[in-house]
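Novice: Sequence first, predicted model second:
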Amino acid sequence: MTSARARRRLFATLLALGILNHTTITGARVGVALDALDRGASPATVGTLIALFALLPMLFAVGVGRLSDRAGARMPMVAGSAALVAATALPALFPGYPALFVAAPAIGFSFVVFQVALFHATGEIGEASKRPKRFAHLALAYSLSGMLGPLVAGFAIDHAGHRAAFALLAAIPLVPLVVLARWIPALPGPSGQAADAPARGALDLLRHPAMRRVLAINALFSVAWDLHTVFVPIYGERIGLTASEIGMVIAVFGFATFVVRFAMPWVAARAREAQVLGPALFAAALAYAAFPFAADAIALAVVSFALGLGLGAGQPMVMSLLATRAPPGRMGEVLGLRMSLVQTSAVTVPLAFGAIGATLGLLPVFWGVGALLLGGGFLARRGA
């Protein structure tokens, strides 16, 4: 087997493990929201629970990135998978609000430990010139799990109940855990440049205007993505959809990201990353403007599909730009900083928009996010 073939095989294995763990967290977000709604939770409470998924990643993602730089990718991936099993099992073992409020931040942190190391490995494996293509393939894999997670959660809840759904989701990361613990792949090891580099704060990375712009645009994509996960269950319940229908709507969103990302390797070979970001943000803004007019499952699925096309095109381009511009030996830290800033938005925005939704209704939420995305589109065009 040639070295190139070995790298391709390793990357394919990592994609499969990423799909499994991402299926668990996307399903857990839907499961937590629907479990809380079944117990009579308000939009503000659901927004709080979804925000908790991002609380610990917001605080510790940069540290996880530094750990990946200094210790290598494998150890964080094993630890993250093990913790994901335990955290997702909590609502199955101890049903009720306390378990939901403990499980949400624990699941979010467990997955980000795995995810930052996976992103680091993706950036390091193979030639630098093929990073956009690798990140596009990773994003395509996450689109598949973005469909699977809500479907697994929705159908398991309808047919077996909430506890069984969480138990099923907790079993999925056992496969990555066993593979990573028993099979030792040639993952990126400790970076000698990271070990020798003087200690610097993560904010040192924000001194470059272009990096600040890319991180801000990435935050907009993530905010729009997370709010779709928060408010589709709330909005779907208000218009009378079942858990299966809500899960299918979110799965349609995931299918749209899969469709657009299937074309991204072809796009990455023909367009610069920055040229993709503006149109993607404009498309997402139009979709959010249309959400309040969706009155049934089909209309909601159509709008979610359009949103998925816009958001799905942006993330792999942002990841490639960040990996390319990272200082030597600090790629994991850059990706951790990106994750920390994204999760900061994911904590604050669901809380803020959850409160708005509880007091003023969902129309200001949808149109407010659309306005933010529209502004981000102009910012991306100026950057390009």
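Specialist: Received the coordinates, thanks.

Novice: When you work out contacts or count neighbours from here on, use the C-alpha atoms and nothing else.
Specialist: Fine.

Novice: mind exporting the helix or strand where F166 lies as PDB, just the C-alpha atoms?
Specialist: Assigned by DSSP states H and E, F166 belongs to helix 162-171. Provided in PDB are the C-alpha atoms of helix 162-171 (Å, rounded to 0.1, in the frame of the first residue of the first chain):
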ATOM      1  CA  HIS A 162     -37.600   9.300  25.200                       C
ATOM      2  CA  ARG A 163     -35.500   7.000  27.400                       C
ATOM      3  CA  ALA A 164     -35.000   4.400  24.700                       C
ATOM      4  CA  ALA A 165     -34.000   7.100  22.200                       C
ATOM      5  CA  PHE A 166     -31.300   8.400  24.500                       C
ATOM      6  CA  ALA A 167     -30.100   4.800  25.200                       C
ATOM      7  CA  LEU A 168     -29.800   4.200  21.400                       C
ATOM      8  CA  LEU A 169     -28.000   7.400  20.800                       C
ATOM      9  CA  ALA A 170     -25.500   6.600  23.700                       C
ATOM     10  CA  ALA A 171     -24.700   3.200  22.100                       C
END
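
Novice: Just after that helix, pick out the following helix or strand.
Specialist: Using DSSP H and E, the first helix or strand after helix 162-171 is helix 174-182.

Novice: Counting by contacts, list what that next one packs against.
Specialist: Under the contact criterion of 3 or more CA pairs under 8 Å, 6 or more residues apart in numbering; DSSP states H and E, helix 174-182 touches helix 3-38, helix 74-93.

Novice: before we move on, back to that, contacts for the helix holding F166?
Specialist: The contact list for helix 162-171 (CA atoms under 8 Å, 6 or more residues apart in numbering) reads 23-24, 27-28, 31, 35, 84-89, 91-93, 95, 152-153, 156-157.

Novice: Now which of these would you call buried?
Specialist: 23-24, 27-28, 31, 35, 84-89, 91-92, 152-153, 156-157 (16 or more other CA atoms under 10 Å).

Novice: Relative to E127, which of the helices and strands packed on helix 174-182 is closest?
Specialist: Proximity to E127 (CA to CA) singles out helix 3-38 among these, at 9.7 Å.

Novice: which residues in the stretch 251-384 of the chain form helices?
Specialist: Secondary structure of the stretch 251-384 of the chain by DSSP state H, counting those that start in this stretch: the helices cover 264-268, 273-290, 297-325, 331-360, 363-383.

Novice: chain center to the shortest one, what's the gap?
Specialist: Spelled out, it's helix 264-268. 20 Å (CA atoms, centre = their mean, to the nearest Å).

Novice: And that helix, what does it pack against?
Specialist: helix 131-160.

Novice: now the third one
Specialist: Counting contacts by 3+ CA pairs under 8 Å, 6+ apart, helix 297-325 is packed against helix 131-160, helix 209-238, helix 243-262, helix 273-290, helix 331-360.

Novice: run the last query once more with 10 Å
Specialist: Contacts defined by 3 or more CA pairs under 10 Å, 6 or more residues apart in numbering; DSSP states H and E place helix 297-325 against helix 97-124, helix 131-160, helix 209-238, helix 243-262, helix 264-268, helix 273-290, helix 331-360.

Novice: Any buried residues in it, and which?
Specialist: So helix 297-325, judged by 16+ other CA under 10 Å, has buried residues 297, 300-324.

Novice: got the angle for it vs helix 243-262?
Specialist: Angle, helix 297-325 to helix 243-262, by axes from the mean of the first three to the mean of the last three CA atoms, to 10 degrees: 40 degrees.

Novice: avg pLDDT for helix 297-325?
Specialist: Taken as a whole, helix 297-325 has a mean pLDDT of 82.
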